[in-house]
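Student: have a look; sequence and predicted model below, questions after that.
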Amino acid sequence: MAAPSMGGVSLPRGNGQTVRLPRGASLTDLAERIGAQPAALVTALFHLGEMVTATQSVNDETLQLLGAEIGWDIQVVSPEDEDRELLETFDLTFGDEGDQEDWAARPPVVTVMGHVDHGKTKLLDAIRNTNVVAREAGGITQHIGAYQIVTELEGEERPITFIDTPGHESFTAMRARGAKVTDIVVLVVAADDGVMPQTVEALNHAQAADVPIVVAVNKIDKEGANPAKIRQQLTEYGLVAEEYGGDTMFVDVSATTRQGIEDLLTAILLTADASLDLRANTEQDPQGVVIEGKLDKGRGPVATVLVQRGTLRQGDSIVAGDAYGRVRSLLDEHGNKLKEALPARPVQVVGLTSVPRAGDTFLVVEEDRVARQIADRRQARIRNAQNAQMRKRISLEDLDAALKENRQLNLIIKGDNSGTVEALEDALMKIEVSDDVSLRVIHRGVGSITKSDIDLALADDVIVLGFNVRAEGQATELANREGIDVRYYSVIYQAIEEIEAALKGMLRPEYEEVGLGTAEVREVFRVPRIGNVAGSIVRSGTITRNSKARLVRDGVVVADNLTIESLRRFKDDVTEVREGYECGIGLGSFNDIKVEDLVETFEMREKPRE
């Protein structure tokens, strides 16, 4: 049954039937599912105010808008569901399998969260006995990593895995992802500062992930520390300390003096034993999550992964996101080689073909061929989703202007690890300036800035951002020769501020009218070869030669967009005449001047962006 005509085009009516499409699908994909011509869908969408080609990736809202118009219920498959369906085609699943007998106790996975500058990294530094803060630019964690330590509880050695997440508010997505692989959250709050916006933000993520929380009240050695105040403040957010009759463990610590560190580790283990049944299947095919990825000069792509189930071994065929390969070696956080990695063990994997993204799932398959096929399909899916996200929606009202002038800032982002690159891109895409300009990331990657990156930047007006990486020799020469803007950053604040400033600079300037002066015409003189001159007295402000002017008669604007072409006091030419003085004003070829007219002068000034 044909749908009603839309602009002369008939489309098959869906009558509420459901169509499932992957994220970033094109109109051609939709046409194949509903038995329509792609060109007909292009026309239909054009009449709905969207200009899209048949093969272009379309965002979720546009697909659903079109579906509602032609009677189809279009469901955009989430990346998780799409990945699950992809694995099912290879008879693979992601999750625990096997007999309960194969399950063994595993260590808790702990994510440390909290407000910036409240001492998260210093606390991990004290726990690991390594100096991490000294290596962080500005003392702010710029990437994420995972570490395992061993402590003692009731005479038994117990390992604990810690995930270190970035401490800047723009990395919200990374914190949320960290909570998904986390068993327990340690919420760090400075005793001398109290609950801050990022504290609440971290708390919301932890509660959304439904994981137990242990509160570390840090900096108790500082003057002005008030641990009791922290306990009181957090009761407003549902965290009630055990000593107040609640079920949340609060531990007073000092990362500087190491006071309370052992108590914190004990609290983590006690919370895990009381609230969680931490077991995993050690015999099934290994699966887990990528914590971070980077490009090492000597070893190539290196991914830090957290094994969630199964036992990862050297020689396994692995696929992580859109990267695949065979595990050449397994390394712990100190660079020591491992033979195998059990559940909840963070380990570095060497042997992948490319750098996976932080948060990607990994799994081990039987053959390299299967790993490559899964990676290729994931890569195509990610590319389509990114293309759909990057497209700026255009309505019919501003279509003509958009075609005439494309005000878009193009970026290439390169960083030292995938977690940082992804989080930086996410933060930049959330910058809100105006509908007049848009931001587009045309390429992102891990490693130094190469000649191919500069070649890509040459194709359009592109700014290249290097985060903790530099340009190679040939790339530097080419960028300097061709005038490509390459910017280097080591602190996230600077990158966001500069890109926001660049976007504001691309906005069409906004002008406002500023009045300069008003003169009243007392007499009109006829001057040969010049025309009429208004003998006037300046009533307010200053009348300036060459300024813009309008003529007002009886409260009505008689002429606008005039210019004060001549200005005289008696026989002398002057540049300006102030309030209370008489002058002769010439308005060029405009001669319709009468006594008691008002000459208003003004200028258009550019309004500063807020």
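Tutor: Structure received. Numbering: from 1, shown residues only.

Student: what are the phi and psi angles of the residue lying closest to M113 once chain neighbours are set aside?
Tutor: Nearest residue to M113, sequence neighbours excluded (Cβ to Cβ, 6 or more residues apart in numbering): A202, at 3.6 Å. From N, CA and C alone the C-beta is placed, and that goes for glycine too. Main-chain dihedrals, A202, degrees, to the nearest 10: phi -60, psi -40.

Student: unless I'm mixing things up, A202 is touching L187, no?
Tutor: Yes - with contacts defined as Cβ atoms under 8 Å, A202 counts as touching L187 at a distance of 6.1 Å.

Student: circling back to that earlier point, what pLDDT does the residue nearest to M113 get?
Tutor: The per-residue pLDDT reported for A202 equals 78.

Student: all helices of the stretch 451-600 of the chain, in order?
Tutor: For the stretch 451-600 of the chain, the helices defined by DSSP state H, counting those that start in this stretch cover 451-458, 473-482, 492-506.

Student: can you name the residues that contact A371?
Tutor: A371 sits next to 317-319, 324-325, 365 when contact means Cβ atoms under 8 Å, 6 or more residues apart in numbering.

Student: hmm, I typed the wrong one, I wanted I484.
Tutor: Residues near I484 by Cβ under 8 Å, 6+ apart: 454, 457-458, 462, 464, 478.

Student: pLDDT wise, what is it at?
Tutor: The per-residue pLDDT reported for I484 equals 84.

Student: look up how far L456 lies from it.
Tutor: Look at I484 and L456: by Cβ to Cβ, to the nearest Å, they are 10 Å apart.

Student: for the two, list the residues in contact with both.
Tutor: Residues touching both I484 and L456 by Cβ under 8 Å, 6+ apart: V462.

Student: ok, V349 - contacts?
Tutor: Counted by Cβ under 8 Å, 6+ apart, V349 has contacts 302-305, 312, 318, 320, 327, 330, 362.

Student: returning to what we had before: most neighbours among the contacts of A371, please name it.
Tutor: Most neighbours among the contacts of A371, by other Cβ atoms under 10 Å: V319, with 29 neighbours.

Student: follow the chain on from the helix or strand in which that residue is found and name the next helix or strand.
Tutor: Following DSSP states H and E, one finds V319 within strand 317-320. Counting by DSSP H and E, the next helix or strand C-terminal to strand 317-320 is strand 323-331.

Student: direction included, what does that following strand pair against?
Tutor: Counting by DSSP bridges, the strands paired with strand 323-331 are strand 317-320 (antiparallel), strand 337-338 (antiparallel), strand 346-352 (antiparallel).

Student: next one: that strand to chain centre, how far?
Tutor: Put simply, strand 323-331 sits 29 Å off its chain's centre (Cα atoms, centre = their mean, to the nearest Å).

Student: give me the mean pLDDT for that strand.
Tutor: Mean pLDDT, strand 323-331: 92.

Student: show the pLDDT at I220.
Tutor: Note on I220: pLDDT of 91.

Student: ignore the last one, A209
Tutor: 71.

Student: touching, it and T182? I think so.
Tutor: Yes - using Cβ under 8 Å, A209 makes contact with T182 at a distance of 6.6 Å.

Student: out of these two, which sits in the more crowded spot?
Tutor: The neighbour count for A209 versus T182, taken as other Cβ under 10 Å, is higher for T182 (25 against 18).

Student: who's in contact with D560?
Tutor: R550.

Student: hmm, try it at 10 Å
Tutor: Taking Cβ atoms under 10 Å, 6 or more residues apart in numbering, we find D560 in contact with 548-552, 600.

Student: most neighbours among the residues you listed, please name it.
Tutor: A549 (25 neighbours).

Student: was I right to think that residue contacts T563?
Tutor: Yes - using Cβ atoms under 10 Å, A549 is in contact with T563, at 6.5 Å.

Student: common neighbours of those two, please.
Tutor: With Cβ under 10 Å, 6+ apart as the test, A549 and T563 both reach 587-588, 590, 601.

Student: what about G16, how many neighbours?
Tutor: A count of neighbours around G16, defined by other Cβ under 10 Å, yields 8.

Student: which residue is the nearest non-sequential neighbour of it?
Tutor: In space, G16 is closest to D73, 5.8 Å off (Cβ to Cβ, 6+ apart).

Student: so who does the one you found touch?
Tutor: When contacts are counted by Cβ under 10 Å, 6+ apart, D73 touches 14-20, 64, 67.

Student: buried residues in the helix or strand it falls within?
Tutor: Using DSSP H and E, D73 falls within strand 72-77. Taking 16 or more other Cβ atoms under 10 Å as the neighbour-count basis, strand 72-77 is seen to contain the buried residues 72, 74, 76-77.

Student: got it, and stretch 208-224?
Tutor: Using 16+ other Cβ under 10 Å as the test for burial, stretch 208-224 gives 209, 211-221.

Student: among the residues you listed, which lie within strands?
Tutor: Within those, residues falling in strands by DSSP state E are 213-218.

Student: okay, now the sheet partners of the lengthiest strand in the chain, with direction.
Tutor: Counting by DSSP E, the longest strand found in the chain is strand 511-527. Here strand 511-527 has these sheet partners by DSSP bridges: strand 531-544 (antiparallel), strand 598-606 (antiparallel).

Student: can you put the ones you listed in CSV and add mean pLDDT and distance to A519?
Tutor: What follows is those, written out as CSV (pLDDT from 0 to 100; distance: least, Cβ to Cβ, whole Å):
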stretch, mean pLDDT, distance to A519
strand 531-544, 92, 4
strand 598-606, 89, 5
